[in-house]
Each structure stands twice: as C-alpha cells, then as structure tokens.
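Asks: Predicted model, plus sequence, below.
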Amino acid sequence: MNTQEQSSHHAAHRPSAVVIGSGIAGMAAAIRLAVQGMEVTVYEKNANPGGKLSVFEQEGYRFDAGPSLFTQPENIEQLFELAGEPIEQYFTYKKCDVSCNYFYENGRQVTAYTGSQKLAAELHEKLGENEQVVTAYLSDSRKLYDDIGSIFLNHSLHKRRTWLHRHVIRALASVKPAYLFGTLNNYNKKKFASAETTQLFNRYATYNGSSPYQAPAMLSLIPHLELNQGTYYPHGGMISIANALHRLAVKKGVKFHFGSNVERIIETEGAARGVVVDGKNILYDIVVSNVDAYFTYQRLLHKPVRAQKVLKQERSSSALIFYWGINRKFDELGLHNIFFSKNYQQEFDTIFNSKKLFGDPTVYINITSKHDTDHAPAGTENWFVMINVPANTGQDWEQLKLQAREAVITKLSRMLQQDITPLIATERILDPVGIEAATASYQGSLYGTSSNSPMAAFFRHANFNRKIRQLYFCGGSVHPGGGIPLCFKSAQIVSGLIKEQLRIKN
C-alpha cells in the first residue's frame, strides 16, 4: 500500500466513505454518513455542487438551470434536524398559494390552488367539475401516498424483509388492480367530466418522465405532494437547496474535491475498495455512486454487459429548455405556468414511440423573478421555458432546436396575444446532448428510466449491488426515482443500508 493509499485509508475505528458526484442525493447521502460517524469524501467533476441543480447569469438575468419545483420541504428539514443544525441559518422558503397556472388552446384558464377545497371550487367554476369528485380524488391520492407511496419511497424494494413487514403486507392488500394495470389517463378519464381536468391530472406522469397513456394509475399519488401538501419557493431560487446542503456537509466534516473526475471504482474480490482519481488509487470502506447507473457500470466499473442490462428499461423523456430574458412583465403568469398541447396523447406518442418532437408541444414556463425580483432587471422577467422531448438517440438537435423554438414562440404568442419574438432580450438553449454532457445522465433522460409499465418501479436499479459488496447507488437513475424529493429518499435508503452493513449504533 503506498503512502497515498495509506493516508486515505483511515483507522479501523472510523469507517470511510467516498461519494462520487455531488447532486442532491450525493450530498444528502454524504451528510447522513457523516452524521453516522463516517469520514466522508465527495468527488465532483464539475466546478460546483448540485448536479442538475445549477444556476447562471446572463445580461442581468439569473436562471436556475435545472429542476424548478420544490415540494416536501420536510425532506431537507429532516437532514438539518438529523445534523443538529438550525435550518433557517442555511435555507429559508415560503409556501405558494398556487401550484400552477394552466392555459388551454380553447381559451380556458385554470388556477391550480394548493388545497383541495379551493382547487375543487376553481375546477367547478372554470370546467364544470363536481367539487366532491375533485376532493375525493385528492383524498384518494393522499391515501395512496400514505399507504403505498411512503413504503415504496422509504424502503429498498430489493430486500426481502421489506416485503415481509406487516405494514407492507397490509398496504399491498389495499392496492386496487386499477392502480397497477390501468393507465393514469384511463383512471383520470373515469373520474372527471371535462377533458381539461383529465389533461391537468394526466400531467403528473411527466414528473418522472413518463406518459400518462402508458404509465400506471399508481402515479395518481403524485398530485398529493403538490395539491394537498403544497408547493414552496426557496428564497434565492432552487440553487439555494444545493448551496445549503453543501454548507451543511462541510460543517459536518465532509471533504469536497471539485473539478475532480473519478476514473474508476476499484473492485477486488467482489467488493468496492475505493476509487482512482488522477491515476492514484484512493481506498475507502464504502463507495457510493451518485452517477447515472448506466455510466457507473460503463465508465467506472468497465462492465459493458451490466451497463447494457440497465438500458433494457425504457429511458425517461428529456427536455429542451430555452432560457429567455423577457423585456416586459406578464401579470397573468405566476411562478409555474403550463400551456397545454391541443392533442396531448399525440404529443406523448410522438415523444416515446416516434422519438421525435411534436409540432404543438406543451410548454412549461418557470419565472423565479415573480418571487426574487433581483433575478431580472426592473420591468422584465426571467423565463425558463421547457418542453418535453425524447431522450437523445442521435436526432439532429441543431435542426430540432430551430423547429422547437419557432413552435414555442408561435404557441405562446398566440395564447398570450402578444408577439414574444421582439421581447427576447437574451437567450440560452439546453438540449438533451447538453444535459448528458453537464450531468452524465445517459441520453439526457432526466429521470433515468420511465415508469411506462406497471412493473417499472421494480425494475429500476437497486440502491446496492448484490455482486459487488460495499457499493451503493443514489440519485435519480435508481430507486425510488427522479426528482428532488426522491433523490432525498434514495440518500436515506442508502445511508440506512450502510448503517446496517457496518452495524453503526448511532
């Protein structure tokens, strides 16, 4: 063992862990492991922490470059509580009264309030829905989340004891076949009177990069997070989540190395023993990969056959994002806004089956300057404009970006009754190729694999590897899935598995 190896292989009484990647899950796992008494080091190829959560400024406009929706603040609060640190000194947020503003091609508009009674009244007034039906739907969504979702999201599905737990047995007995074997669209169509309400609730399939026409009705638990529990805005924008986690991790003694590319995971005798960085072997007791599962096998373990196995699952959708500085204010828009496609089913069919862009895309606009006015010059707004697109399989993205830009501008100009083109003061565009390059998400798929089948959740990669001891996985490409809340959950599962393996008492 050389001096480099010895200096990093700490005394037996204090186990060491390396985390590859500083996305939300990687940092949350690092914090949890540090709190458990481990010596933790994080290697990150980028210059900053956060993974998909990043920020940039351009000509006076500030843009959160990645995820834009903040729900379940208890996930981050729990981390600070666990670490014994006052969260308000690191991170503050506020609750939003409205989850999203919806605009339809037929001229109808809906304000999706957080809170079932208020939302039910709005859907009754605007779309003629029965208020009791709406409140009952959200009550079922809550029950489904509490009975099934919380078990699925908080435990490994790949450990036998999870399935033998009495709570799980009881919960599984309550699952209706329709939740597993019916699609989200069919479930919603049976519940609601109007096509607009069905479309609104179908949209929740996109929260993990899936199609409501293929994904199971089990996804009807997702609206609970937003419409019952509420949506929130982190002061300073989404990047403040990443910054808070980084500061907390450092406070807990986690060492970060930015601009450091892990070349390989050291594996000997069926166990992960450390990593290779800059040609040096650095040994650790535990290795946690916060890198896309595909790239972990392909690049870090040099196991192309195992990497291909990961690809047997359909990839989730990706995104095309236009960051626009808009030279005026739109009072009808809020923090989150959706301009729906006229033909939602055809849009998803085009994305998932044809792997192309749909001519009339659903457009999402996030405007953080509605809450943080310094994110845009006075009298202007910072628009994060996103459409769902297929993962990258070699399409001509330069051509597609031009087509998409024209389609988005035409749609927004028509629906807002204002020509958008002359209002664009500054612009940057991110496509699936750029997403993969920046975040090592294979093919730029935002959520790893899709949930377009009843059993998709069970085929998602586990948080550990049965054949390589001491190797763990966290992040959006593994169980329980993509999106910030689930990344926090994957970190919790991983730290629990490691605690158990090392028989850590605290």
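Replies: Perfect, I can see it now. Numbering: from 1, shown residues only.
Asks: burial of the closest residue to Gly26 other than its chain neighbours, as a residue count?
Replies: Once flanking residues are discounted, Gly26 sits nearest to Asn290: 3.1 Å by CB to CB, 6 or more residues apart in numbering. (C-beta placed from N, C-alpha, C; glycine too.) For Asn290, the tally of surrounding residues (other CB atoms under 10 Å) stands at 33.
Asks: and what of Pro485?
Replies: 22.
Asks: ok so it is a helix residue?
Replies: Yes - under DSSP: H, G, I helix; E, B strand; the rest coil, Pro485 falls within a helix.
Asks: In this structure, where is pLDDT below threshold?
Replies: 1-13, 154-175, 447, 449-459, 504-506 (pLDDT under 70).
Asks: so how far is Lys176 from Ser139?
Replies: As judged by CB to CB, to the nearest Å, Ser139 and Lys176 stand 15 Å apart.
Asks: again but with Lys94, I slipped
Replies: 37 Å.
Asks: Name the residue in these two with the higher neighbour count.
Replies: Ranked by neighbour count (other CB under 10 Å), Lys94 and Lys176 place Lys176 first, with 13 against 10.
Asks: where do the helices sit along the stretch 251-400 of the chain?
Replies: 293-295, 304-310, 344-349, 397-416 (DSSP state H, counting those that start in this stretch).
Asks: Beyond the last one, next helix or strand please.
Replies: Spelled out, it's helix 397-416. Next helix or strand after helix 397-416 toward the C-terminus (DSSP states H and E): strand 424-430.
Asks: Can you list the helices and strands that that following strand packs against?
Replies: With contacts taken as 3 or more CB pairs under 8 Å, 6 or more residues apart in numbering; DSSP states H and E, strand 424-430 sits against strand 55-58, strand 61-64, strand 318-326.
Asks: Which strands border that strand, and is each parallel or antiparallel?
Replies: strand 318-326 (antiparallel) (DSSP bridges).
Asks: now the angle between helix 397-416 and the partner strand, please.
Replies: Taking axes from the mean of the first three to the mean of the last three CA atoms, to 10 degrees, one finds that strand 318-326 is oriented at 60 degrees with respect to helix 397-416.
Asks: For strand 318-326, list the C-alpha coordinates in CSV.
Replies: Taking Å, rounded to 0.1, in the frame of the first residue of the first chain, the C-alpha atoms of strand 318-326 are listed here in CSV:
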residue,chain,number,x,y,z
SER,A,318,-35.7,14.6,-21.7
ALA,A,319,-36.2,18.3,-22.1
LEU,A,320,-35.4,21.2,-24.4
ILE,A,321,-35.0,24.4,-22.3
PHE,A,322,-35.0,28.0,-23.6
TYR,A,323,-33.7,30.5,-21.0
TRP,A,324,-35.1,33.8,-22.1
GLY,A,325,-34.8,37.3,-20.6
ILE,A,326,-38.2,38.8,-21.4
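Asks: Confirm for me that the residue nearest to Gly26 is in contact with Ala28.
Replies: No - checked against CB atoms under 8 Å, the pair Asn290 and Ala28 is beyond contact range at 9.3 Å.
Asks: Are there residues contacting both of those two? Which ones?
Replies: Listed as contacting both Asn290 and Ala28 by CB atoms under 8 Å, 6 or more residues apart in numbering are Cys474.
Asks: how many neighbours does Ala437 have?
Replies: Neighbour tally, Ala437, other CB under 10 Å: 12.
Asks: Please point out which parts of whatever helix or strand it lives in sit buried.
Replies: Using DSSP H and E, the element containing Ala437 is helix 432-439. Along helix 432-439, these residues count as buried under the neighbour rule (16 or more other CB atoms under 10 Å): Pro432, Val433, Gly434, Ile435, Glu436, Ala438, Thr439.
Asks: How about the contacts made by the fifth one?
Replies: What that stands for is Glu436. Contacts of Glu436 by CB under 8 Å, 6+ apart are Asn392, Tyr442, Gln443, Gly444.
Asks: mind redoing it with 6 Å?
Replies: Gly444 (CB atoms under 6 Å, 6 or more residues apart in numbering).
Asks: now do the last one
Replies: Contacts for Thr439 (CB under 6 Å, 6+ apart) come out as Gly51, Lys52.
Asks: swap in the first one?
Replies: For Pro432, the contacting residues are Ser318, Asn392, Gly444, taking CB under 6 Å, 6+ apart as the criterion.
Asks: which residues does the residue nearest to it when sequence neighbours are not counted contact?
Replies: Nearest non-adjacent residue to Pro432, counting by CB to CB, 6+ apart: Gly444, 2.8 Å away. Gly444 makes contact with Ser318, Ala391, Asn392, Pro432, Ile435, Glu436 under the criterion CB under 6 Å, 6+ apart.
Asks: would CSV of the residues you listed with distance to Gly274 be doable?
Replies: Formatted as CSV, these follow (distance: CB to CB, whole Å):
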residue, distance to Gly274
Ser318, 33
Ala391, 32
Asn392, 32
Pro432, 33
Ile435, 29
Glu436, 27
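Asks: Could you identify the most distant pair in the buried residues of helix 432-439?
Replies: By the measure CB to CB, Val433 and Thr439 form the most distant pair in those, at 11.6 Å.
Asks: quick check, Asn48 in a strand?
Replies: No - Asn48: not assigned to a strand; according to three-state DSSP it is coil.
Asks: burial measure for it, as a count.
Replies: Neighbourhood size, Asn48 [other CB under 10 Å]: 16.
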